[in-house]
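1. build me a structure from this.
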Amino acid sequence: MIELLIVVSLSVMLMLSASSLFMTFLLGNTKVTRMQLIKHEGEYVMSQMEFLLRNAVQLVANDSNQVCERNMTSIAFVSIDSGETLLNKTTDPSDGKAKIASNSAKFLTSGDVDITNGPYFDCTQSQDKLTQYVNIRFTLRKGTPTLDLQRDILEQEFISGVGLRSF
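-> Numbering: from 1, shown residues only. Coordinates of the predicted model:
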């Protein structure tokens, strides 16, 4: 009987250790998956905005009547096809989430992440006003502070810059 108790006790301890390792693996894997989602979304959004701005013909006044200033929350430009594009943060009526979008009603971010900061556009011009440079920054978050544990909330800031072509 004592031998049976010892075997059962050792088996329970081994099972607890194995389940603890398995749970730790699952939690770590979830965090890595969330971080990869944020990184993938942020890089996609940044590459799209860089592409659009790099191929812009000229900057024009945005919805706040700003053309080229610091800390703009939106930026407007004429693209090579003579269409005017506005990049800004907009609320998606289908899910109520804030997303980075262009005025063509194309959302650049999905509902899987939240925008916690930005987007901000810092525009500078050379002294001869022929060369314009735009810095872009925004922060994406996965997780909701009121619903998720603090360890499950991940944020990443994205920063880049692009020079506009001179035509």
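2. from M49, how far out is K106?
-> 12 Å (CB to CB, to the nearest Å). No exception for glycine: its C-beta is placed from N, CA and C like everyone else's.
3. what do you get for L108?
-> For L108, the distance to M49 - CB to CB - is 7 Å.
4. common neighbours of those two, please.
-> I100 (CB atoms under 8 Å, 6 or more residues apart in numbering).
5. where in the chain is pLDDT low?
-> 28, 104-105, 129, 144-151, 166-167 (pLDDT under 70).
6. 80 instead?
-> For the chain, the stretches with pLDDT under 80 are 24-31, 63-67, 95-96, 103-105, 111, 125-131, 143-153, 165-167.
7. ranges for the helices of it?
-> Under the criterion DSSP state H, helices of the chain are mapped to 2-54.
8. higher neighbour count, K106 and M49?
-> M49 (23 against 10; other CB atoms under 10 Å).
9. doesn't I136 make contact with that one?
-> Yes - using CB atoms under 8 Å, M49 makes contact with I136 at a distance of 5.7 Å.
10. find the residues that touch each one of the two.
-> 119, 162.
11. bridged to Q125, which residues?
-> Q132 (DSSP bridges).
12. that one and Y133, how far apart?
-> In terms of CB to CB, Q125 sits 8 Å off from Y133.
13. check S11 too.
-> 66 Å.
14. between the two, which one's more packed in?
-> Y133 (15 against 10).
15. which residues touch the more buried one?
-> 123-125, 161-164.
16. ok, T33 - how many residues close by?
-> T33: 10 neighbours (other CB under 10 Å).
17. next: S9.
-> Neighbour tally, S9, other CB under 10 Å: 10.
18. buried sites along stretch 122-139?
-> Buried residues in stretch 122-139, defined by neighbour count with 16 or more other CB atoms under 10 Å: 122-123, 132, 134, 136-139.
19. residues in a beta bridge with R141, which ones?
-> Here R141 shows beta-bridge partners D114, E155, assigned using DSSP bridges.
20. correct me, but it touches I153?
-> Yes - in terms of CB under 8 Å, R141 counts as a neighbour of I153; the distance is 6.6 Å.
21. roughly how far does the residue nearest to E157 when sequence neighbours are not counted sit from E69?
-> Nearest residue to E157, sequence neighbours excluded (CB to CB, 6 or more residues apart in numbering): T139, at 4.6 Å. Distance from T139 to E69, counting by CB to CB: 21 Å.
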